[in-house]
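Q: here's my sequence, what's the structure:
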Amino acid sequence: MADATDLSRLIPAHTSNLDDVLAEAFRLFARGVADRRSAFRTPAIATVGPDNTPHVRTMVLRQFDPTTRRLLLHTDLRADKLTDIANVPRAAVHVYDARAALQVRLSAQVQVHTGDPVAQAAWANGAPASHVCYAIEPPPGTEVQAPPPAATDQNAGFTNFAVLALTFNTLEWLWLYHGGHRRARFVWTANAPPRATWLVP
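A: Sure thing, here's the model as predicted:
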């Protein structure tokens, strides 16, 4: 059986310091943009529908800016989530990395970009195979008798393309460990540094 000294060697150094916890969370979001195998590549995004029911789906993280705390994700302008966001322009983000036994949750304000420089830049940097998805007809979520054929026009989808910019003001971090779980919360207000605190797991 491992003694206390052996257990301490299994604890990553960053899990004992709030500044380091936040830096590691930001590093993992940045990695999610570049690494398709990262759990942070495909966060779950939850919105609130007009009927006040929660809606959650998995999306692909396209960009992360640690300075502005902003995540960028791509979507079809005709999707139901846009109706949700128009009603309540906020979203919750959830990531769970099973290998690291780590959960990160965010609370974010959402801004929708369509046809503007943000959307144009995202479209220009996207793969043609991805562009085709936004040309699907009829719109996503439409009831049909059978699965529709895949779209083929790589240029027709831009009018349906949208970028969701999620700027988070709360980040909760939970690391699961048999020697004692660790949980922390970071809250940003105005331009001040975040209020950081440990929480009971």
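Q: chain center to the lengthiest helix in the chain, what's the gap?
A: Counting by DSSP state H, the longest helix found in the chain is helix 18-34. Offset of helix 18-34 from its chain centre (C-alpha atoms, centre = their mean, to the nearest Å): 13 Å.
Q: measure the residue nearest the centre of the chain to Arg99 for me?
A: In the chain, the centroid-proximal residue (C-alpha atoms, centre = their mean) is Pro43; its distance is 4.4 Å. Here the criterion is C-beta to C-beta, to the nearest Å. By it, Pro43 lies 16 Å from Arg99. Quick note: C-beta positions are derived from backbone N, CA and C, even for glycine.
Q: you'd agree the residue nearest to the centre of the chain is up against Met59?
A: Yes. Pro43 is within contact range of Met59, at 6.5 Å (criterion: C-beta atoms under 8 Å).
Q: what is the burial count for Phe26?
A: Residues near Phe26, counting by other C-beta atoms under 10 Å, number 16.
Q: hang on, isn't it packed against Asp65?
A: No. With contact defined as C-beta under 8 Å, Phe26 does not reach Asp65; the gap is 9.9 Å.
Q: and the top strand by length along the chain, what other elements does it pack with?
A: Secondary structure assigned by DSSP state E gives strand 161-175 as the longest strand of the chain. If you count contacts as 3 or more C-beta pairs under 8 Å, 6 or more residues apart in numbering; DSSP states H and E, strand 161-175 packs onto helix 18-34, strand 70-76, helix 80-87, strand 90-97, strand 102-113, helix 117-125, strand 182-187.
Q: closest to Thr47 out of the ones you listed?
A: Taking C-beta to C-beta, helix 80-87 is the member of the helices and strands packed on strand 161-175 nearest to Thr47, at 3.7 Å.
Q: buried ones in that closest one?
A: Across helix 80-87, burial judged by 16 or more other C-beta atoms under 10 Å covers Asp80, Lys81, Leu82, Asp84, Ile85.
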